[in-house]
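J.: fold the following for me, if possible:
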Amino acid sequence: MKRTLLALGLAVVASAARADYPETVRDHILPGYAAFAETTASLAAKATETCDSALLEPFFQHAFDAWMGVQHLNFGPVEEDGHRLAIHYWPDPKASGAKAQMALLKGDPAKLAPGAFAQQSVAARGLMALERLLFPAEPLPADPCPLIRATATDLAATAAAVNEGWKAGYGDTMLTAGEPGNTTFLTSPEVRQVLFTQLASGLEFLSDNRIARPLGTFDAPHPERAEARASGRSLRNILLALQAMRRMVATLTPDAPLTIAAFDKAIALAAAMNDPTLAGVATPEGHLKFEILGQSVDNIRAVILSELAPEMDVGIGFNAADGD
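T.: Numbers count the residues shown, from 1 in each chain. Sure thing, here's the model as predicted:
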């Protein structure tokens, strides 16, 4: 009996010790993109039935939720043909997306056909474009229904293409790193380096854009710069991004307790806030709370460099903003 229990215990330890990038591909990346493809397909299907924003909102929110599960992964099929920007063009400080959409709203309907719409500016496509149509700040100058349907259809097609790219080859390319004929990943450490860089870059984007941009300074906060403010999901995107990256870490290694603890602290801070659009950054108390959240995210970045990088046996002498 003792030998059986010992064998089971060793099997569990061995299984945990084997956690590595194959688990990340199979348990994090592939299911994440599949969920995004599924939710955007549901959104597009609903948009063919109705353009009522109240009826479309839950489908939009589910699709955005699914995107937040993979938004930190900026390599592979999502980087081909500008897919990532066509899904999520943000920040957009010059409001180029809104300007391009106004031209489409009042322009040639032929540009809304699937093939033609896919050639339009990425700023006028994707999730943020749909948000502007479903939650307009001011009444739109023309019936938005044709553009809503074109945007939802295009988003679903883009998500499907990315998902198919992972299923049809790129996932296997990562899983066969170092094998003969694999010219993308010549060694397994290259895959680990790419994944670590994605995590570091995701945290950097979260800190610099989702937090620092609306936070501004104490004397000059900018809540109007918060992501997805019109749809009321600015804070939710921060929370979901943290949760998704924590899940990614859990698939990479079982031996990063400090990293997991740092994520858990930031997640708890975000979950405790009751400020969906980050309007509170304009108040002294809210600004301080959000500043503390930003510091906790920056701490995660420091911890993954000191703990996770050595655990994954990857280098740390790179600029995360440079991508993979």
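
J.: which residues are in contact with A241?
T.: Under the criterion of CB atoms under 8 Å, 6 or more residues apart in numbering, the contact partners of A241 comprise M68, Q71, H72, G202, L206, R210. All C-beta spots, glycine's among them, are computed from the backbone N, C-alpha and C.

J.: okay, and which of those map to strands?
T.: Judged by DSSP state E, those include no members of strands.

J.: ok, these vs K106, which is closest?
T.: Nearest to K106 among those is Q71, at 31.4 Å by CB to CB.

J.: quick one: contacts for the closest one?
T.: When the contact criterion is CB under 8 Å, 6+ apart, the partners of Q71 are H88, G202, A241, A244.

J.: out of the contacts of A241, list just those in helices.
T.: Within those, residues falling in helices by DSSP state H are M68, G202.

J.: run a quick neighbour tally on A95.
T.: Number of residues near A95 (other CB atoms under 10 Å) recorded here: 11.

J.: for the one 4 residues further on, same thing?
T.: Counted with other CB under 10 Å, the neighbours of K99 add up to 13.

J.: how much space separates T259 from E190?
T.: Distance, T259 to E190, using CB to CB, to the nearest Å: 21 Å.

J.: kindly report the same for G107.
T.: Note on G107: its distance to E190, by CB to CB, is 46 Å.

J.: between those two, tell me which one has more neighbours.
T.: In terms of neighbours (other CB under 10 Å), E190 is the more surrounded of G107 and E190; the figures are 17 against 13.

J.: that one contacts M174, correct?
T.: No. Here E190 does not reach M174: they are 9.6 Å apart, not a contact under CB atoms under 8 Å.

J.: tell me the pLDDT at the closest residue to E307 other than its chain neighbours?
T.: Closest residue in space to E307, ignoring its immediate chain neighbours: L258 at 4.8 Å, by CB to CB, 6 or more residues apart in numbering. Note on L258: pLDDT of 98.

J.: got a list of what L258 touches?
T.: Residues in contact with L258 (CB under 8 Å, 6+ apart) are V303, S306, E307.

J.: likewise I87?
T.: With contact set as CB under 8 Å, 6+ apart, I87 has these partners: W67, V78, R125, G126, L127, L155, T158, A159, V162.

J.: of all the residues you listed, which comes closest to P141?
T.: Compare each of these with P141 using CB to CB and the shortest gap goes to R125, at 19.4 Å.

J.: for the closest one, give me its contacts.
T.: Going by CB under 8 Å, 6+ apart, the list of residues near R125 reads A86, I87, Y89, F117, T151, D154, L155, T158.

J.: make TSV out of the residues you listed and add pLDDT.
T.: Output for the contacts of R125, formatted as TSV (pLDDT from 0 to 100):
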residue	pLDDT
A86	98
I87	98
Y89	98
F117	97
T151	98
D154	98
L155	98
T158	98
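
J.: buried subset of the residues you listed, written for PyMOL?
T.: Written as a PyMOL command, the selection of buried residues from the contacts of R125, which uses 16 or more other CB atoms under 10 Å, is:
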select buried, resi 86+87+89+117+151+154+155+158
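
J.: mind picking out the helix or strand in the protein with the poorest mean pLDDT?
T.: When the helices and strands of the chain are scored by mean pLDDT, DSSP states H and E, helix 2-17 comes last with a mean of 39.

J.: and for whichever helix or strand comes after that one, what's in contact with it?
T.: Helices and strands here follow DSSP states H and E; after helix 2-17, the next one along the chain is helix 21-24. The set of residues external to helix 21-24 that reach it, using CB under 8 Å, 6+ apart, is M174, L175, S188, V191, R192, L195, M248, T251, L252.

J.: can you pull the contacts of M102?
T.: The contact partners of M102, taken as CB under 8 Å, 6+ apart, are P141.

J.: spatially nearest residue to Q198 (excluding sequence neighbours)?
T.: Closest residue to Q198 apart from its sequence neighbours, by CB to CB, 6+ apart: L73 at 5.4 Å.

J.: the one you found: neighbour count?
T.: Here the count is done by other CB under 10 Å, and L73 has 27 residues near it.

J.: ok, now how distant is it from R246?
T.: If you measure L73 against R246 using CB to CB, the figure is 14 Å.

J.: got it, and E224?
T.: Noted for E224: a distance of 29 Å to R246, by CB to CB.

J.: per-domain residue ranges of this protein.
T.: 19-166, 188-322 (automatic domain parsing).

J.: quick one, which of the ones you listed gets closest to N182.
T.: Comparing the domains of the chain by their distance to N182 (CB to CB), the top pick is domain 188-322, with 9.9 Å.

J.: could I get the full set of strands for the stretch 51-200 of the chain?
T.: Secondary structure of the stretch 51-200 of the chain by DSSP state E, counting those that start in this stretch: no strands are present.

J.: farthest-separated two in the contacts of helix 21-24?
T.: Taking CB to CB, the two most distant members of the contacts of helix 21-24 are S188 and M248; they sit 17.3 Å apart.
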